[in-house]
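Undergrad: kindly return the folded structure for what I paste below:
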Amino acid sequence: MVNLKKKKKRGASIPDAGMSDIVFLLLLFFLVSTTIDVDTGIGLALPEYIPPEEQEQVPISKDRMAAILVNENGDVLLDKKIIAIPQIKENLIPRIESKLDLPKNKKLIVSIKTDRKTNYNLYIQTLDQVRLAYAVVKDRVGNNLYGRDYGDLGDEEEKAVRDKVYEIISIAEPEAIK
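TA: Numbers count the residues shown, from 1 in each chain. Presented below is the predicted three-dimensional model:
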């Protein structure tokens with residue numbers, strides 16, 4: 001009798017001994033070559049810290065101050081008058097323009113103050129309205145002096161407009177609610 005045993009065929013296989021090295025190198029490549037977006041936050045130049053005992057108290061006249069108060073409910077007071085956040089810009093523009101021809105130490109000071117429970121979004125909207133008011137005035141001054149908006153001016157012209165429309169925004173420490 002003849003033995004008709006089938007021969008086992010060897011299957012094809014892919015060697016995977018170096019696979020982990022290749023995966024590791026690909027992972028490293030993508031980690032090194034990928035850029036990650038980082039939120040940059042709000043661009044504010046903070047003053048250097050001066051201890052309270054070394055600070056000089058300078059009296060400021062009421063016509064130079066625009067006091068904005070925002071409570072936790074989103075109610076906004078501009079110089080003790082209730083207004084909506086979108087009205088801040090329209091109320092500040094004439095006050096900023098009225099001080100254009102004065103020296104820097106006589107310009108309008110905009111003070112923004114919140115309480116500790118104020119929604120951060122409301123605070124940012126308020127700050128944006130103040131910055132927009134200054135931007136509108138800079139555009140108007142740029143158009144009056146050079147016939148172009150502030151963003152279209154050259155470096156020297158921008159500096160001249162910035163000197164005329166000097167931004168002074170005071171961000172006061174929030175108050176604790178009792």
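
Undergrad: what's the first helix or strand after the longest helix along the chain?
TA: Identified as the longest helix of the chain according to DSSP state H is helix 120-146. Next along the chain after helix 120-146, taking DSSP states H and E as the criterion, comes helix 155-164.

Undergrad: in that following helix, what counts as buried?
TA: 158, 160-161, 164 (16 or more other C-beta atoms under 10 Å). Placement of C-beta: from N, CA and C, glycine included.

Undergrad: can I get that helix in PDB, CA atoms only?
TA: Coordinates of each C-alpha in helix 155-164 appear next as PDB, following Å, rounded to 0.1, in the frame of the first residue of the first chain:
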ATOM      1  CA  ASP A 155       5.000 103.100  10.500                       C
ATOM      2  CA  GLU A 156       5.700 106.800  11.000                       C
ATOM      3  CA  GLU A 157       2.100 107.700  10.300                       C
ATOM      4  CA  GLU A 158       0.800 105.000  12.700                       C
ATOM      5  CA  LYS A 159       3.100 106.400  15.400                       C
ATOM      6  CA  ALA A 160       1.700 109.900  14.900                       C
ATOM      7  CA  VAL A 161      -1.900 108.600  15.200                       C
ATOM      8  CA  ARG A 162      -1.000 106.500  18.300                       C
ATOM      9  CA  ASP A 163       0.500 109.600  19.900                       C
ATOM     10  CA  LYS A 164      -2.700 111.500  19.200                       C
END
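
Undergrad: who does that helix touch, helix- and strand-wise?
TA: Helices and strands touching helix 155-164, by 3 or more C-beta pairs under 8 Å, 6 or more residues apart in numbering; DSSP states H and E, are helix 120-146.

Undergrad: now do the helix it packs on: which elements does it pack against?
TA: By 3+ C-beta pairs under 8 Å, 6+ apart, helix 120-146 packs against strand 65-70, helix 87-98, strand 109-114, helix 155-164, strand 169-171.

Undergrad: show me where pLDDT drops low in the protein?
TA: 1-7, 39-42, 44-46, 174-178 (pLDDT under 70).

Undergrad: picking that back up, the longest helix of the chain to strand 109-114, inter-axis angle?
TA: 170 degrees (axes from the mean of the first three to the mean of the last three C-alpha atoms, to 10 degrees).

Undergrad: what's the angle between helix 120-146 and strand 65-70?
TA: 150 degrees.

Undergrad: which of the helices and strands packed on helix 120-146 sits closest to Gly18?
TA: Of all the helices and strands packed on helix 120-146, helix 155-164 sits nearest to Gly18, with 57.6 Å by C-beta to C-beta.

Undergrad: rewinding a little: now, the most widely separated pair of the buried residues of helix 155-164?
TA: Glu158 and Lys164 (10.8 Å).

Undergrad: contacts only, for Asn119.
TA: 72, 74 (C-beta atoms under 8 Å, 6 or more residues apart in numbering).
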